[in-house]
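A.B. asks: Provided below are the primary sequence and the corresponding predicted coordinates.
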Amino acid sequence: MGVLVGKQAPDFTAPAVLGSGEIVDSYNLAEATKGKKAVVFFYPLDFTFVCPSELLAFDHRIAEFEKRGVEVIGVSIDSHFSHNAWRNTPVNEGGIGPVKYTLVADMNHAICQAYDVESAGGMAFRGSFLIDEDGLVRHQVVNDLPLGRNVDEMLRMVDALAFHQEHGEVCPAGWTEGDKGMTASPDGVAAYLSENADSL
């Protein structure tokens, strides 16, 4: 599939550990995210190196995602039992502690294949997908295994999408919450650039 932007996010049902710590056998993406935005992010493996820094970065910002009505879902090829053990391992011992979002077990690799993020070694690349209220992928980025992602950039994308949905304007380069948008027309571009070109 490659680029999923503009397409329906592949649905899935799989075992998972919820943010509450409850283990469920059948977590369904469409059901869990119905009517709200979602961030689905993939990572290679539990109990590894870059991964805990990313999972903790998402957890440290979970209140910001929740404030924006966004469901956060992490996915790897580990089992839900491994996810649970990792959550129950203290941070200072290489664990992630009780992160407050769902971790999905993609043990048969079907989810990472559907999102086209499976590496040659069978693990998932560091893929991140922003899905809107209608289940459409609106933003994606995929990092190679050694390159940790920027969770603040995903929050910026959530804000940009919400701004566009509310105002109908587009978000120029480097747009952040509180910045002006741009009318998607030649006149709108000219007006925006006449005021902001030097700060881009």
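C.D. replies: Okay, I see it. Numbers count the residues shown, from 1 in each chain.

A.B. asks: from now on I want contacts and neighbour counts done on CA atoms only, so please keep to that.
C.D. replies: Noted.

A.B. asks: dihedrals phi and psi, Gly121?
C.D. replies: phi -80, psi 0 (degrees, to the nearest 10).

A.B. asks: i'd like the first residue to be 59 from this point on
C.D. replies: Sure thing, new numbering starts at 59, so read that last one as Gly179.

A.B. asks: wait, what's in contact with it?
C.D. replies: With contact set as C-alpha atoms under 8 Å, 6 or more residues apart in numbering, Gly179 has no partners.

A.B. asks: measure it to Gly155 for me?
C.D. replies: 27 Å (C-alpha to C-alpha, to the nearest Å).

A.B. asks: ok, and what's touching the strand or helix carrying Ser186?
C.D. replies: Ser186 belongs to strand 184-189 when assigned by DSSP states H and E. Applying C-alpha under 8 Å, 6+ apart, the external contacts of strand 184-189 come out as 67, 95-102, 175, 195-203, 205-207, 212, 215-216.

A.B. asks: out of these, which are buried?
C.D. replies: 67, 95-102, 175, 195-198, 200-201, 203, 207, 212, 215-216 (16 or more other C-alpha atoms under 10 Å).

A.B. asks: how about Val157: what's its closest non-neighbour residue?
C.D. replies: Setting aside the residues directly before and after it, Val157 is nearest to Asp117 in space (C-alpha to C-alpha, 6 or more residues apart in numbering), at 5.6 Å.

A.B. asks: just checking, what packs against the helix or strand hosting the one you found?
C.D. replies: Assigned by DSSP H and E, Asp117 falls within helix 108-118. Counting contacts by 3 or more C-alpha pairs under 8 Å, 6 or more residues apart in numbering; DSSP states H and E, helix 108-118 packs against helix 209-225.

A.B. asks: now the element after the helix it packs on, going C-ward?
C.D. replies: That would be, after helix 209-225 and using DSSP H and E, helix 244-254.

A.B. asks: so what touches that following helix?
C.D. replies: Met240, Thr241.

A.B. asks: in helices, which of the buried ones among the contacts of strand 184-189 appear?
C.D. replies: Counting by DSSP state H, the buried ones among the contacts of strand 184-189 place Met212, Met215, Val216 in helices.
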